[in-house]
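In: any chance you can model this:
(2 chains)
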2 protein chains.
Amino acid sequence: MIHTLEWTAAGVRFIDQRKLPIEETYVTATTPEQVADAIQTMVVRGAPAIGVAAAMGIALAAKNSKAESVADLKREIDHTAELIAQTRPTAVNLFWGLQRMKEKFEQLRIRPITQIKDALVEEAQRMHAEDIAANRAMGRHGATLMPSQGGVLTHCNAGALATAGYGTALGVIRAAVEQGKKIHVYADETRPFLQGARLTAWELMKDNVPTTVISDNMAGAMMRQGKIGAVVVGADRIAANGDVANKIGTYTVAVLAKEHGIPFYVAAPTSTVDLACPDGSQIPIEQRNIKEVTHIAGKQMVPDGVSIENPAFDVTPAEYVTAIITEWGIARAPYSESLAELIGKAQVEV
Amino acid sequence: MIHTLEWTAAGVRFIDQRKLPIEETYVTATTPEQVADAIQTMVVRGAPAIGVAAAMGIALAAKNSKAESVADLKREIDHTAELIAQTRPTAVNLFWGLQRMKEKFEQLRIRPITQIKDALVEEAQRMHAEDIAANRAMGRHGATLMPSQGGVLTHCNAGALATAGYGTALGVIRAAVEQGKKIHVYADETRPFLQGARLTAWELMKDNVPTTVISDNMAGAMMRQGKIGAVVVGADRIAANGDVANKIGTYTVAVLAKEHGIPFYVAAPTSTVDLACPDGSQIPIEQRNIKEVTHIAGKQMVPDGVSIENPAFDVTPAEYVTAIITEWGIARAPYSESLAELIGKAQVEV
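Out: Residues are numbered from 1 along each chain as shown, chains lettered A, B, ... in the order given. Predicted structure coming up:
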């Protein structure tokens, strides 16, 4: 069992993903500022995980608060939400997590402060549990799409480490393996942060799922050699039309999959779908520090002064996406209809 | 001026490409074994450069020889050729360089040993000079294909450092820039060995050609954003039908270029064309040590025991190649005709 993030008596405990796979260490954020810092510096990453982390940051602000009036508590929570909202712009789950906590607060504001605090802490923990349940449901739906045997390519880490547990894309793979499918995972190393080499490989090795790490530029050759039967990736934000923002390089994989007639699946909870965003051109793309590209393991790899690009995400247009696997079922094109329908279903049943 | 490799009184002097761009250091191979080792360990790399290095290895064997009969000298040269032939299997230039030296020896074998030795040293130096001249000719032909302004993507290093000087793909870019074209180079970093980040960026910075390094998986996003007007790469072996073996990841770039309607050019001397090889399936692909993928700057990046692939090259089928730029002119599909024609022309004019 991988404990990506947990609510503890001391605060929010994270596995430090920057140290994996060489060291398995944990850090505990005891203030909302430390939660924001953990998100910003990628101690924790992955859209669903940072959604839950954001909620726990709000819960921590409430728990730590010395406010004597509900209005003061609200100011503190709003301030914390603003702080956390500034950490990473692309994954909509972050804003979803903050919004859900604010709505919970609004429902509770006529209650005594101690009750509000307790309820917010409970809500964040509930979101943690719901995320795991959603991933298991996604796994059940998505496993039917996986080949009964052979290679499945994934990019970045959309696993237990990117969520509260079990994973989105890797949850689909886990569920398929649990059903007896003989899957061999090809994990793109995923430069510059190497989430595939470091994190996906680590968690799949823990679960004894056969895994081969390749550099990102080998994906085309592997597909041409017939080694890949399907691609499954996660998402950081899905627009209403089905355009998918995900880790840089996902679009390249999608183009390769199309060229080779390989299905390209996206697995994500409905909290990743942003119906307010009509298409991918409206999704803000985070530009990260160029040092992630220029330096590896502290060593400079490029000549001084050369220009660098480091977008953390790219957008894969909906037409490259064979299906989107959610906890409520599988959406297919036209996504503007199928996604809206799944989300409507979610709202009725919740 | 970049001195990739040079014949000197002391032996064959190489810039140590493993240390670039941080350190500019040189090593001198004083024996053929040291030349073979320099090729094997990638002190020197790039198909045309290792062709010349192989020839210089034979020249060094001849120069160092204590043989008193031509038959003994031949045995030593054959032994050296066998040794060097085992270093790297994919680039045909290596075998071409060895073969040309052996043919020279056969032409000379009725001469006195000292004359043979001198002539072999001269021949290797001539191949060095011819390679630079070929690259300049390639540049003149290829520059006409470059956009008058905008981004040109290249993969790996097919520059001065991959040749005796000036470069194949980067020679085309240099010639275009010399003609006044306003080109901005996008250099794929080229995992696992980072030839793009380390070598292409270094030599283009020296020449003040505007250059942006990207991780390999950003190429698709850059193309979709309209930043790339053309792709130009080198080659390690070109089959008679126009299939191109080049650095791993080249095929992925070719697929991306096709999807975006961007021309994909290959620049290589005719010594890279292997008419004896009918198509790409017949090209041996070197598998290199997995440590190139698992470790960066000496630090382990993957969990213990995970599987790794590390093919050094892939094959891009001819149908993805817009044109092949050689020193004798530009070949276009059907390549089985155009390449044979260019090589026939080369043989008549030489």
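In: run a quick neighbour tally on A:Glu23.
Out: 8 (other CB atoms under 10 Å in any protein chain shown). In short, each C-beta sits where N, CA and C put it, glycine included.
In: cool, the one 5 residues further on as well?
Out: As a burial measure, the neighbour count of A:Thr28 was computed by other CB under 10 Å and equals 14.
In: assign the residue in the stretch 51-200 of chain A positioned nearest to chain B to helix, strand or coil.
Out: As assessed by CB to the nearest CB, chain B sits closest to A:Arg191 within the stretch 51-200 of chain A, at 3.9 Å. Following DSSP: H, G, I helix; E, B strand; the rest coil, A:Arg191 is assigned to coil.
In: so what's the closest residue to it other than its chain neighbours up against?
Out: With sequence-adjacent residues excluded and distances taken as CB to CB, 6 or more residues apart in numbering or on different chains, A:Arg191 is closest to B:Ser215, at 3.9 Å. By CB atoms under 8 Å, 6 or more residues apart in numbering or on different chains, the contact set of B:Ser215 is A:Arg191, A:Pro192, A:Asp216, A:Ile248, A:Gly249, A:Val293, B:Asp188, B:Glu189, B:Arg191.
In: mind checking pLDDT for A:Lys345?
Out: For A:Lys345, the pLDDT comes out at 79.
In: what's the per-residue pLDDT of A:Met349 here?
Out: Residue A:349: Glu, not Met. Predicted confidence (pLDDT) for A:Glu349: 63.
In: what residues are up against A:Phe193?
Out: Each residue near A:Phe193 by CB under 8 Å, 6+ apart is listed here: A:Met42, A:Glu292.
In: the longest helix in chain A is where?
Out: Counting residues, the longest helix found in chain A (DSSP state H) is helix A:113-143.
In: dump the residue contacts of the residue of the stretch 51-200 of chain A closest to chain B.
Out: Shown in contact with A:Arg191 (CB under 8 Å, 6+ apart): A:Ser215, A:Asp216, A:Gly249, A:Val293, B:Glu189, B:Arg191, B:Ser215, B:Asp216, B:Asn217.
In: kindly report the same for A:Val266.
Out: Contact partners of A:Val266, counting by CB under 8 Å, 6+ apart, are A:169, A:232-235, A:238, A:244, A:246, A:316, A:321, A:323-325.
In: quick one: distance of stretch A:339-350 to the chain centre.
Out: Between the centre of stretch A:339-350 and the centre of its chain there are 20 Å (CA atoms, centre = their mean, to the nearest Å).
In: over to stretch A:37-54?
Out: Offset of stretch A:37-54 from its chain centre (CA atoms, centre = their mean): 9 Å.
In: out of the contacts of A:Val266, who's the most crowded?
Out: Of the contacts of A:Val266, with other CB under 10 Å as the count, A:Ala169 tops at 33 neighbours.
In: skip the chain neighbours and tell me the closest residue to that residue.
Out: Spatial nearest neighbour of A:Ala169, chain neighbours left out: A:Ala158 (3.6 Å); criterion: CB to CB, 6+ apart.
In: hang on, the one you found in a helix?
Out: No. Applying three-state DSSP, one finds A:Ala158 to be coil, outside a helix.
In: thought A:Thr168 was touching it, still the case?
Out: Yes. Using CB atoms under 8 Å, A:Ala158 makes contact with A:Thr168 at a distance of 4.6 Å.
In: where along the stretch 51-200 of chain A do the strands fall?
Out: Remark: strands assigned in the stretch 51-200 of chain A by DSSP state E, counting those that start in this stretch are A:149-154, A:182-188.
In: walk me through the domains of chain A.
Out: A:5-136, A:141-349 (automatic domain parsing).
In: just name the most buried of these.
Out: Compared across the domains of chain A, domain A:141-349 shows the largest average neighbour count, a mean of 22 (mean count of other CB atoms under 10 Å in any protein chain shown).
In: list the contacts of stretch A:295-313.
Out: Around stretch A:295-313, the neighbours that count as contacts under CB under 8 Å, 6+ apart are A:90, A:192, A:236, A:245-248, A:250, A:283, A:285-290, A:292-294, B:21-22, B:189, B:194, B:197-198, B:201-202, B:205, B:210-214, B:218, B:221-222, B:296-299, B:301.
In: quote the end-to-end distance of it.
Out: End-to-end distance of stretch A:295-313 (CA to CA, to the nearest Å): 19 Å.
In: mean confidence for it?
Out: The model assigns stretch A:295-313 a mean pLDDT of 95.
In: stretch A:264-276 now?
Out: Per-residue pLDDT over stretch A:264-276 has a mean of 96.
In: how distant is it from the center of its chain?
Out: Put simply, stretch A:264-276 sits 10 Å off its chain's centre (CA atoms, centre = their mean).
In: what do you get for stretch A:330-339?
Out: Distance, centroid of stretch A:330-339 to centroid of chain: 20 Å (CA atoms, centre = their mean).
In: before we move on, what about stretch A:101-111?
Out: That offset, for stretch A:101-111, works out to 26 Å (CA atoms, centre = their mean).
In: what's that stretch in contact with?
Out: Outside of stretch A:101-111, the residues within contact range by CB under 8 Å, 6+ apart are A:54-55, A:58-59, A:70, A:74, A:77-78, A:81, A:115-116, A:119-120, A:123-124.
In: of those, closest to A:Asp16?
Out: Nearest to A:Asp16 out of the contacts of stretch A:101-111 is A:Ala54 (CB to CB; 18.2 Å).
In: quick check: that closest one touching A:Leu94?
Out: Yes. With contact defined as CB under 8 Å, A:Ala54 counts as touching A:Leu94 (5.0 Å).
In: shared neighbours of these two, anything?
Out: A:Ile39, A:Ile84.
In: contacting residues for A:Ala342?
Out: Careful, residue A:342 is Leu; it's not Ala. The neighbourhood of A:Leu342, defined by CB under 8 Å, 6+ apart, consists of A:Thr270, A:Val273, A:Thr326, A:Trp328, A:Gly329, A:Ala331.
In: now, which of those residues sits nearest chain B?
Out: Using CB to the nearest CB, A:Val273 comes nearest to chain B of the contacts of A:Leu342, at 21.6 Å.
In: so the residue of chain A most remote from its centre versus A:Thr80, what's the distance?
Out: Seen from the C-alpha centroid of chain A, the residue lying at the greatest distance (CA atoms, centre = their mean) is A:Glu68, 36.1 Å away. Distance of A:Glu68 to A:Thr80, given as CB to CB, to the nearest Å: 18 Å.
In: other residues contacting the helix or strand hosting A:Ile39?
Out: If you go by DSSP states H and E, A:Ile39 is part of helix A:32-40. Contacts with helix A:32-40, where a contact means CB under 8 Å, 6+ apart, come from A:11-12, A:14, A:27, A:29, A:43-45, A:50, A:53-54, A:56-58, A:60-61, A:64, A:80, A:83-84, A:86-88, A:94.
In: report the rounded mean pLDDT for that helix.
Out: For helix A:32-40, mean pLDDT is 98.
In: how far away from the center of its chain is it?
Out: Relative to its parent chain, helix A:32-40 has a centroid offset of 16 Å by CA atoms, centre = their mean.
In: interface residues of the stretch 1-150 of chain A facing chain B?
Out: Residues of the stretch 1-150 of chain A lying near chain B by CB under 8 Å from any CB of the partner chain: A:Pro21, A:Ile22.
In: let's see it at 6 Å
Out: By the rule CB under 6 Å from any CB of the partner chain, the part of the stretch 1-150 of chain A lying against chain B is A:Pro21.
In: residue of the stretch 1-150 of chain A closest to chain B, please.
Out: Closest point on the stretch 1-150 of chain A to chain B, by CB to the nearest CB, is A:Pro21, at 3.9 Å.
In: residues contacting that residue?
Out: By CB atoms under 6 Å, 6 or more residues apart in numbering or on different chains, the contact list for A:Pro21 reads A:Arg198, A:Trp202, B:Pro303.
In: got it, and A:Ala219?
Out: A:Val253, A:Leu256.
In: which of the contacts of A:Val266 fall in helices?
Out: Secondary structure defined by DSSP H assigns A:Ala169 of the contacts of A:Val266 to helices.
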